[in-house]
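In: fold the following, please.
(one chain, ligands or ions: 1)
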Amino acid sequence: MQILDRRRFVATAGLLAGGLALPGCATTGTGRTQAGCLPPVDVSANRIIRTVAGLRPYRAAGFVVRAELLGDKRLVHNYGHGGAGITLSWGTSKLAAELGLRGHRGPVAVIGCGVVGLTTARLIQEAGFPVTLYAKALPPDTTSNIAGGQWHPFGHFRESEVTPEWRAQFLTAAEYSWRRFQIMVGEDYGIRWLPTYSQTSGGLEAQLLPTFPPRNRLLRPREHPFPIETLSSYDTLYVETGRFLRQMLRDVQMASGRVEVRSFDTPADIAALPERLVFNCTGLGSRSLFGDTGLEPVRGQLAILLPQPEIRYAFTGEAGYMFPRPDGIVLGGTFERGVWDAAPQPDAIARIIASHQRLFAGFRCTA
Ligand SMILES: Cc1cc2nc3c(=O)[nH]c(=O)nc-3n(C[C@H](O)[C@H](O)[C@H](O)COP(=O)(O)OP(=O)(O)OC[C@H]3O[C@@H](n4cnc5c(N)ncnc54)[C@H](O)[C@@H]3O)c2cc1C
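Out: Modelled structure (predicted):
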């Protein structure tokens, strides 16, 4: 099992153990802190308030957005987002809605109430159609609730398995999603901008979109306190997933959406629904429901520490990742392919804590 570097998959968390002999940035004689100093995260096992694990719906060939006929119905798939479901949700849902709604009249069914089902339902309502959301589980009991909530497309496909057509869908989805999350920044949805410090092997963060990531630059050692030789920084959005999903569900209901807790075992169950247009947003559930064996679980484990409101930056690197949220400091994580058990493992959690303890204990100066 490995600690997850959201930029790269690095097999060890031990690289930071010895620290690096970089020049420090001590506080000045005037008592003012120098630029580049940050408050460290207070990492210890007794600050853990909960541990969680979730199964990412991963497809090496990337997410599926496509339409097919199911008896007299149009069925539009929108699933398989791997480690990027929060990030891409609005975007793939926009593609799916455009595919499904063309020429349609009447009510619409959405199956699944994670981030993908909820964004799909809202876009359909915004287009003027009545929606019923059917789902086996509602927030807070979805995989989407487990997500750390960084806006960054990560861990959702394998380069050698995707087609140019899929890549075009991906960029269109990323572009729309990036814009849509930006206009939702604020307390209601629990979305905020944070600078992110990202360990690199010398290069900049890849520029996926003309505007993502913004403020993308390499840092000199005196510009940051991390005991790391090469670091870049950029700004991105962070979503407090529990709050976001709760508000999204309210939005669906406020716009007269119906919600029905219900499980579907086969496509025939779906064919029996009254709606003639159905969106499949069942995430990992699509494997058994539609026999998509290309879909596999990738378990991720997180330790959540007591909140520290003074931490207003995020980190990703060999130690793992740290996203500060109002509901706790999220420390991640693992990326365990093919594991179906969604229970946190004490040994993995202990490794996540230890790697972050070393990282923050190595800070060269503090604010
Ligand atoms: C530890 C961890 C950290 C992550 N961090 C990030 C991050 O920082 N950024 C990011 O973008 N992504 C992140 N992700 C990925 C993200 O969580 C997923 O990609 C996303 O949640 C997938 O959303 P979904 O709506 O497709 O699936 P889900 O949230 O699993 O929702 C599926 C819905 O379908 C329903 N359903 C399933 N099967 C059936 C059935 N047969 N009948 C009826 N209903 C059914 C479920 O009950 C549920 O309501 C992370 C994931 C994990 C595990």
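In: so what's residue 357 up against?
Out: Residue 357 makes contacts with 43-44, as judged by C-beta atoms under 8 Å, 6 or more residues apart in numbering. Just so you know, the C-beta spots here come from the backbone N, C-alpha and C atoms, and that holds for glycine as well.
In: okay, now the residue in the stretch 251-367 of the chain that the ligand sits nearest to: neighbour count?
Out: Residue of the stretch 251-367 of the chain nearest the ligand, by C-beta to the nearest ligand atom: residue 285 (2.1 Å). With neighbours defined by other C-beta atoms under 10 Å, the count for residue 285 comes to 23.
In: show me what contacts it?
Out: Residues counted as contacts of residue 285 (C-beta under 8 Å, 6+ apart) are 79, 112, 136.
In: is residue 232 in a helix, a strand, or coil?
Out: Here residue 232 is strand, with the state taken from DSSP: H, G, I helix; E, B strand; the rest coil.
In: an error on my part: the question was meant for residue 176.
Out: Counting by three-state DSSP, the backbone at residue 176 sits in helix.
In: report the separation between it and residue 231.
Out: Residue 176 sits 30 Å away from residue 231, going by C-beta to C-beta, to the nearest Å.
In: from memory residue 322 sits against residue 312, does it?
Out: No: look at residue 322 against residue 312 with C-beta atoms under 8 Å: they stay out of range, at 11.9 Å.
In: thinking again about what came up before, tell me the buried residues within the contacts of residue 285.
Out: With burial judged by 16 or more other C-beta atoms under 10 Å, the buried subset of the contacts of residue 285 is 79, 112.
In: out of the contacts of residue 285, which are close to the ligand?
Out: 79, 112, 136 (C-beta under 6 Å from any ligand atom).
In: need phi/psi at the second one.
Out: Recorded main-chain torsions at residue 112 are phi 120, psi 130, according to degrees, to the nearest 10.
In: quick one on the thing from earlier: quick one: pLDDT of the residue of the stretch 251-367 of the chain closest to the ligand?
Out: Per-residue confidence at residue 285 stands at 98 (pLDDT).
In: returning to that earlier point: want to try JSON lines for the ones next to the ligand among the contacts of residue 285, with pLDDT as columns?
Out: Formatted as JSON lines, these follow (pLDDT from 0 to 100):
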{"residue": "79", "pLDDT": "98"}
{"residue": "112", "pLDDT": "98"}
{"residue": "136", "pLDDT": "98"}
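In: take these and lay them out in TSV including distance to residue 183.
Out: Below are those laid out as TSV (distance: C-beta to C-beta, whole Å):
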residue	distance to residue 183
79	25
112	24
136	31
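In: and the end-to-end length of stretch 58-70?
Out: End-to-end distance for stretch 58-70: 24 Å, by C-alpha to C-alpha, to the nearest Å.
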